[in-house]
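S.K.: Attaching a predicted model along with its sequence, questions to come.
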Amino acid sequence: MMKRRVLVALATALIVAGTGTAQTADPLAKYSSPVILNIGASIDETAKFPEGDSPENSIYTRWLKDKYNIIIKDTFQAAAADYPRKVSLAIAANDLPDAMVVNDVQLRQMVKAGLLQDMTQVFAQSAPPLLKLAMEKSRGSASRAATFNGKLMAIPSTTVPDDGYTLCWIRKDWMDKLGMKPPKTVDDIEALAKAFIEKNPGNLPKGKTIGIGGPQSGGQLYGDFLINSTNNNFAFDPIFSAYGAYPGYWVKGKDGLATYGSIQPETKAALARLASLYKKGLIDPQMAIRKDATEGIVAGQVGIFFGPWWHGYWPFPDAVKQNPNANWQAYAVPLNASGKWVPHTGNSNTRFVVVRKGYDHPEAVLKILNGLDKETIAKSTIRGENYPLYMPVDFPDGLSTSYEAALAVASGKKKLEDFQTPEYQYYNWLQQDIQAFTAIKKGPANKMDIQYWDTTDKTWPRTYSVMVGAGAIYSSGAPLGAQIPFYATTPTIEARWTSLKKLEDDTFIGIILGGKPLSAFDDFVTRWKAQGGNTIISEVRAELASQN
């Protein structure tokens, strides 16, 4: 592991050099004869395929056959929640499909076992411009994440860093009905949640209002550096960061050196506050046993929850169908004691497409990853996540560019043509975002309440997410907290992390739910350090020193 970054610069140079010396053949050309690609497929169980369709025979797979002559076959299918286990079983059995999407830990396992195709030259010769520019715009983070001993062993996701921020989503229609203002602090959030429950602006049966929604049973209380550093849904990351706590991440200690956020006194203070909120009935009382965290949101019972910018995709479409007046708005809160919003960020490269060693057409995955056809998406009744080898590919400033451009055009400050110049041609969603916002948004450009939107339009989930969710980030300035951007592993992490994380999760959920006293935190810290934590801290510090 410690060697993985030694030759990253060489790998990056190879990738960039390849950009200038690529084959003259069109990397996106259609194969003259069919190419079969067997994949591991993550299936959205809620997707309703048209009659006669299936994950293997869908609008997406037919488009790939027509566009590139690529025939998709599913070696295995798994629901999103079970997909990582299926991948791990395939790795353990050395029985891999031709290609699949894996996480960072699984990628390292496969590299160590020598199971993967070296993609360095394939990428240099066959990657389409969008992928190459996305890698370059990541300023080295994407290539570092997928490079081992100078070789590019996977194609990394290139998502916007904004996915790491967790926002506070609030039923603004409830807040307006009570004549209350958007909260700024944890105290304000507590007061708002209490008012939602006691004054019942949703006119719900007694006892049905949930002040603050939480994660479902088995869900995460907060993100973490190793597996889920972005897109953490319904968890309590903002409450922790308001206390200067970053559990699950690496932070600077008082000595200026890296230490683990979960063992810091700020985390203990945040846990005490969460326990208090839960004891007062302000956090979902059914959190520990609830099977689906979205059910209360969709049913119109939840007033506040925490999540990323993209909740317009899910679960808001269902929530708005149930209640067209459900005015969910995002806020960059709570603020810390200094009046600043200091969220943690996340790893922009958390998913990877890998190709098994020996597959005859590794360049096929690059054609697939070139990007979903927008007309196909518009015609589809199933979510884009059902696209084979689905993995986000975007520029770091993709969201902010869409947000600013859409506002500028809608307010008359600029024209659509201003964003059709060459420097914008590879922004995957830019043109659609501008046109969708100007088409389905009613009223003044800066009024984002639900009554100003055509929620029946197919572009609404994406456009609402960008303009309301991501818009809350950009209007705040998004200053970062004290987190150290370390998302790798070490020998002791690989050996001990499962048991250490279980110790952490059991302790923290016990404290919040009241089953354990707050003093259990101190016992956790002692045990965590003794059971390998101190060694891990030393290894992380050594790795960071080697990077510097």
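M.R.: The structure has been received and is ready for your questions. Numbering: from 1, shown residues only.
S.K.: So Ile382 sits against Asn57, correct?
M.R.: No. The pair Ile382 / Asn57 is not scored as a contact, 12.0 Å apart, by C-beta atoms under 8 Å. C-beta: built from backbone N, CA, C; applies to glycine.
S.K.: So which of these two has more stuff around it?
M.R.: Ile382 (19 against 13; other C-beta atoms under 10 Å).
S.K.: Quick check: next helix or strand after the lowest-mean-pLDDT helix or strand in the chain?
M.R.: Ranked by mean pLDDT, DSSP states H and E, the weakest helix or strand in the chain is helix 8-21, scoring a mean of 38. Proceeding N to C from helix 8-21, the next assigned helix or strand is strand 35-43, under DSSP states H and E.
S.K.: Can you list the neighbours in contact with the very next helix or strand once past that following strand?
M.R.: Using DSSP H and E, the helix or strand that follows strand 35-43 in sequence is helix 59-68. Contact with helix 59-68 is made by 28, 30-31, 34-35, 53, 55, 70-72, 364, 367-368, 372-373, 376, 379-380, 382, 386-388, as judged by C-beta atoms under 8 Å, 6 or more residues apart in numbering.
S.K.: Can you list the neighbours in contact with the longest helix belonging to the chain?
M.R.: Looking across the chain with DSSP state H, the single longest helix is helix 491-513. Residues lying outside helix 491-513 but in contact with it, judged by C-beta under 8 Å, 6+ apart, are 1, 108, 221, 224, 226, 247, 262, 271-272, 274-275, 278, 283, 287-288, 489, 516-518, 520-521, 523-524, 527-528, 531-533, 535-536, 539.
S.K.: Please, a ChimeraX command that selects the buried ones among those?
M.R.: Selection of buried members from the contacts of helix 491-513 for ChimeraX, criterion 16 or more other C-beta atoms under 10 Å:
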select :1,108,221,224,226,247,262,271,274,275,278,283,287,288,489,516,520,521,524,528,532,533,535,536,539
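S.K.: Let's see which of the contacts of helix 491-513 end up in helices.
M.R.: Using DSSP H, 108, 271-272, 274-275, 278, 520-521, 523-524, 527-528, 535-536, 539 are the members of the contacts of helix 491-513 that sit in helices.
S.K.: so what's the residue positioned nearest the centre of the chain scoring on pLDDT?
M.R.: The structure's the chain has its C-alpha centroid closest to Asn231; by C-alpha atoms, centre = their mean the separation is 3.0 Å. In this model, Asn231 is scored at 76, pLDDT.
S.K.: Now for it: which residues touch it?
M.R.: Shown in contact with Asn231 (C-beta under 8 Å, 6+ apart): Asp163, Pro308, Trp310, Gly346.
S.K.: Would you indicate which residues of the longest helix of the chain are buried?
M.R.: Neighbour-count burial for helix 491-513 flags 492-493, 496-497, 500-501, 503-504, 507-513 (criterion: 16+ other C-beta under 10 Å).
S.K.: again, but for stretch 320-338
M.R.: In stretch 320-338, counting by 16+ other C-beta under 10 Å, buried: Val320, Ala326, Asn327, Trp328, Gln329, Ala330, Tyr331, Ala332, Val333, Pro334, Leu335, Asn336.
S.K.: Identify, from the residues you listed, the entry nearest to Leu115.
M.R.: Distances from Leu115 to the buried residues of stretch 320-338, taken as C-beta to C-beta, are shortest for Ala330 (41.3 Å).
S.K.: close enough to count as contact, that closest one and Trp309?
M.R.: Yes. Here Ala330 reaches Trp309: they are 6.9 Å apart, a contact under C-beta under 8 Å.
S.K.: Need the overlap of contacts for those two.
M.R.: By C-beta under 8 Å, 6+ apart, the residues touching both Ala330 and Trp309 are Leu167, Gly469, Ala472.
S.K.: How about the first one: which residues does it bridge to?
M.R.: By that I understand Leu167. For Leu167, the beta-bridge partners are Gly307 (DSSP bridges).
S.K.: That one: what's it in contact with?
M.R.: Applying C-beta under 8 Å, 6+ apart, one finds that Leu167 lies in contact with Pro238, Phe306, Gly307, Pro308, Trp309, Ala330, Tyr331, Ala332, Gly469, Ala472, Ile473.
S.K.: same check, this time on the second one
M.R.: Remark: with contacts taken as C-beta under 8 Å, 6+ apart, Gly469 is in contact with Leu167, Pro308, Trp309, Trp310, His311, Gly312, Ala330.
S.K.: which two in the residues you listed are spaced the farthest apart?
M.R.: Taking every pair in the contacts of Gly469 and measuring C-beta to C-beta, the maximum separation is 11.8 Å, between Leu167 and Gly312.
S.K.: Next one, pLDDT for Glu375 please.
M.R.: pLDDT for Glu375: 60.
S.K.: Stretch 107-116: end-to-end distance?
M.R.: Terminal residues of stretch 107-116 lie 9 Å apart, using C-alpha to C-alpha, to the nearest Å.
S.K.: Return, as residue ranges, the portions of the stretch 401-548 of the chain with sub-threshold pLDDT.
M.R.: Applying pLDDT under 70 to the stretch 401-548 of the chain flags residues 477-482, 547-548.
S.K.: which stretches of it form strands?
M.R.: 483-484 (DSSP state E, counting those that start in this stretch).
S.K.: Now do the buried residues in stretch 468-476.
M.R.: Val468, Gly469, Ala470, Gly471, Ala472, Ile473, Tyr474, Ser476.
S.K.: Send me that stretch as CSV with only the CA atoms.
M.R.: Presented in CSV, the C-alpha positions along stretch 468-476 are these (Å, rounded to 0.1, in the frame of the first residue of the first chain):
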residue,chain,number,x,y,z
VAL,A,468,-31.8,24.0,-4.5
GLY,A,469,-29.4,21.4,-3.1
ALA,A,470,-26.0,22.4,-4.7
GLY,A,471,-27.2,26.0,-4.6
ALA,A,472,-27.1,26.0,-0.8
ILE,A,473,-23.5,25.0,-1.0
TYR,A,474,-22.4,27.7,-3.3
SER,A,475,-24.3,30.4,-1.5
SER,A,476,-22.5,29.5,1.7
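S.K.: Which residues are in contact with the residue nearest to Gln420 when sequence neighbours are not counted?
M.R.: Leaving out its chain neighbours, the residue that sits closest to Gln420 by C-beta to C-beta, 6 or more residues apart in numbering is Gln431, at 7.2 Å. Counting by C-beta under 8 Å, 6+ apart, Gln431 touches Leu416, Phe419, Gln420.
S.K.: Please, a PyMOL command that selects the buried ones among these?
M.R.: Buried residues within the contacts of Gln431, by 16+ other C-beta under 10 Å, are selected in PyMOL with:
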select buried, resi 419
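S.K.: where does the stretch 51-200 of the chain dip in pLDDT?
M.R.: Within the stretch 51-200 of the chain, no stretch has pLDDT under 70.
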